[in-house]
Structure formats: structure tokens, C-alpha cells
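> Fold the following.
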Amino acid sequence: MSSNLDLPADLPQRLERRSQAGIYREIRKNPLDKDRPRSAAVLMPLIRREGQWQLIYTLRSSMLHDHSGQVSFPGGSWEPGDKDLIETALRESWEEIGLNPKAVRVLGKMAAMEMVTNFIVTPVVGICDWPTDLTVNPDEVDRVFSIPLDWLADEKNRYYRAHNYQGGEFEVLYFKPYDGATVWGATAMMTLDFLKLL
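Predicted coordinates for the structure are as follows:
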């Protein structure tokens, strides 16, 4: 991809088409697992910083039970008070990193992803006012950082690594370390899926 990657004018329409693609899976789940998956959403926050588009990521708190110390997008489980998954993503982003929903212009949703942790996660894409004040919740997030789309789009900055799960081996997407953190797994797959729309 060319340098200084820009957002296409028809990105909302591309997102709409992508959201209709249905659910795709992080890896093949155990077919004997009959538990009903829970709905969740994450926000993929886009900012214009230093003359280029960047995605905001969080480093999850090492004190958390699930996915501690991993890089993720802000987000979490749908709650009965949420009118839809877009509201879930915005509410969770407000709770985790203090991103005011009024500072976010939602462009649309990506296809949902079924996780090995028995969640179905819908990524929501939005452009955020920048600079904007953020207040990190230390119980959930250790820090917030951003990565330029140009860097993420460079194939030299990503690779696959074999993982074992439930007796089988599968390939997991990794990005090279950036700002001391590594984007991998489901978050990396969501990132790459988004890049393919540009």
C-alpha cells in the first residue's frame, strides 16, 4: 500500500457491505461447546495525528482475569441498557479510556467475530476528535497508544505464528512490536480486516 494511507470517501458504504458478511471465527471452536455465545463490541478509534491516520489501541491491565496484558481495542460485553452494539462500544470506551461518545463519529460496523472465549464481538469503526482528553481506568487499562495505518498496512510488519489449541495447530496473526506492545490474535485480525477495506 502507498504511504500516507487515506480513508476512502465511501468507507461507510464499504463497512456496511462488510458487516453483512456474517460471523467469522477466530479459530475453529470445539463443536461440543454448546454454551450460547455472548454479544460484545469494540471500538476501532481512528484519529488524525502527525499528518496521518492512526488506530488507537489499549494495553489491558495485568490485573484483569481475561486477556490481561494483551493489546486490544476498547470494548466489552453488551448490557441490557445498551440500545445496540454501537452504544456498547461507545459506553465501554468511555468507561475504559474516558473517550467521550460525543467526540466519536461512527462510520459503521465490521463483520462480527466469534471468539474462542465464547463471545461474538462486533468491531465498530469511528473517527475521533483529536486531540481529545482521555482518562484511563487503571483497573482495566494500563495505557493507550496509537499506530499509524501506514505502518499497519506494511506487510513487512506482520507475520503468522503457530499456536496449539484443543489438540490442533493453527496460524495466528501477529504484528511486529510497536511502541513496546504487540498486536496479535483477534485484534490483529480485526485490524487486517479493516485495512482490506481501504
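> max-length helix in this protein?
Taking residue count as the measure and DSSP state H as the definition, the longest helix of the chain comes out as helix 85-97.
> and for it, what are the contacting residues?
39-43, 45, 56, 58, 74-79, 82, 99-101, 104, 106, 109, 122-124, 126, 134-137, 140-141, 144 (CB atoms under 8 Å, 6 or more residues apart in numbering). Where C-beta positions appear, they are placed from N, C-alpha and C, glycine not excepted.
> So what would you say the end-to-end distance of stretch 177-196 is?
Taking CA to CA, to the nearest Å, the first and last residues of stretch 177-196 lie 21 Å apart.
> quick one: buried residues of it?
Counting neighbours by 16 or more other CB atoms under 10 Å, one finds that the buried residues in stretch 177-196 are 178, 181, 183-191, 193-194.
> Also stretch 118-125?
For stretch 118-125, the buried set under the neighbour-count rule, 16+ other CB under 10 Å, comprises 119, 120, 121, 122, 123, 124, 125.
> Dump those into JSON lines; add distance to residue 20 and secondary structure as well.
Rendered in JSON lines, the data for these read as follows (distance: CB to CB, whole Å; DSSP: H, G, I helix; E, B strand; the rest coil):
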{"residue": "119", "distance to residue 20": "20", "secondary structure": "strand"}
{"residue": "120", "distance to residue 20": "15", "secondary structure": "strand"}
{"residue": "121", "distance to residue 20": "17", "secondary structure": "strand"}
{"residue": "122", "distance to residue 20": "12", "secondary structure": "strand"}
{"residue": "123", "distance to residue 20": "14", "secondary structure": "strand"}
{"residue": "124", "distance to residue 20": "15", "secondary structure": "strand"}
{"residue": "125", "distance to residue 20": "15", "secondary structure": "strand"}
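> biggest strand in this structure, by residue count?
strand 38-49 (DSSP state E).
> Please name every helix or strand in contact with that one.
In this structure, strand 38-49 packs against strand 52-60, strand 75-77, helix 85-97, strand 119-128, helix 185-195, with contacts taken as 3 or more CB pairs under 8 Å, 6 or more residues apart in numbering; DSSP states H and E.
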